[in-house]
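*Asks:* Quick check, what structure comes out for this input:
(one chain, ligands or ions: 1)
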Amino acid sequence: MSYLLKACIFTFAAVLINMQNKNSLIILGLITLFCVYNFLIYTSKDGDAPIKLSSEALHGQQLWQENNCWSCHQIYGLGGYLGPDLTNVFSEVGKGPDYIKAFLNSGIKSMPKFNFSEEEKGAIVSYLQKIDSTGYYPNYEATFKATGWVELKYKDEK
Ligand code: HEC
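*Replies:* Numbers count the residues shown, from 1 in each chain. Here you go, the predicted model:
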């Protein structure tokens with residue numbers, strides 16, 4: 001931000017010095033608009049994504065990364081493909097917390113057995129629960145708008 005400010009002041013000064021040119025006023029106007037526009041964009045708070053993971057879920061995310069779950073599993077289709085996508089494993093019928101923990105205890109096929117403590121298993125479950133709450137994958141609840149945009153249905157929509 002301070003770089004932007006310095007650049008603006010510098011350009012203002014340069015244009016002011018060269019004021020005898022008639023086009024200077026137009027250039028000055030454009031630069032002012034550019035500065036105001038940038039100021040509004042860079043100082044608006046709208047773009048800040050709030051941190052929504054609880055500390056337990058955050059711990060789960062760390063375990064997810066440290067143990068390379070992502071190298072075999074996908075979330076929203078992104079990740080390795082040896083195991084299934086886990087976006088909605090928490091809420092799928094017949095699955096859920098105990099189901100997830102059972103896989104961590106025993107391993108299956110090429111999935112290794114993990115020796116997690118109860119607390120660590122709980123953390124992974126709460127991470128997967130949080131992911132599950134954000135949406136569906138694959139998402140068949142998409143509507144195509146006349147404007148060309150696709151509107152998706154999210155789980156945490158009010
Ligand atoms: C080396 C690959 C590999 C790694 C690493 C791995 N998994 Fe798996 N996982 C698998 C495979 C393969 C399956 C079984 C797919 C099947 O049922 O055919 C599986 C199944 C699962 C299931 C059951 C999914 C379902 O819908 O039935 C869960 C939950 C799971 N893994 C969680 C994890 C977590 C959490 C980690 C990290 C701590 C992890 N896995 C690491 C390969 C892996």
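
*Asks:* Show me the shaky parts of this structure.
*Replies:* Within the chain, the stretches with pLDDT under 70 are 1, 19-20, 46-51, 156-158.

*Asks:* Give the burial count for the closest residue to T143 other than its chain neighbours, as a bare number.
*Replies:* Closest residue to T143 apart from its sequence neighbours, by Cβ to Cβ, 6 or more residues apart in numbering: E151 at 4.9 Å. For the C-beta atoms, the positions are set from N, CA and C on the backbone; glycine is no exception. Burial measure for E151: 11 neighbouring residues, criterion other Cβ atoms under 10 Å.

*Asks:* Wait, E151 touches N139, no?
*Replies:* No: counting by Cβ atoms under 8 Å, E151 stays clear of N139, with 10.6 Å between them.

*Asks:* where along the chain do the strands fall?
*Replies:* 74-75, 78-79, 143-144, 150-151 (DSSP state E).

*Asks:* highest average neighbour count across those?
*Replies:* Most buried of the strands of the chain by mean neighbour count (mean count of other Cβ atoms under 10 Å) is strand 74-75; its value is a mean of 18.

*Asks:* any residues touching it, and which ones?
*Replies:* 80-81, 84-87, 131, 137 (Cβ atoms under 8 Å, 6 or more residues apart in numbering).

*Asks:* Distance from the chain centre to stretch 75-92, please.
*Replies:* When C-alpha coordinates are averaged (Cα atoms, centre = their mean, to the nearest Å), stretch 75-92 and its chain have centres 16 Å apart.

*Asks:* same thing with stretch 91-103?
*Replies:* Its chain's C-alpha centre and that of stretch 91-103 lie 25 Å apart, by Cα atoms, centre = their mean.
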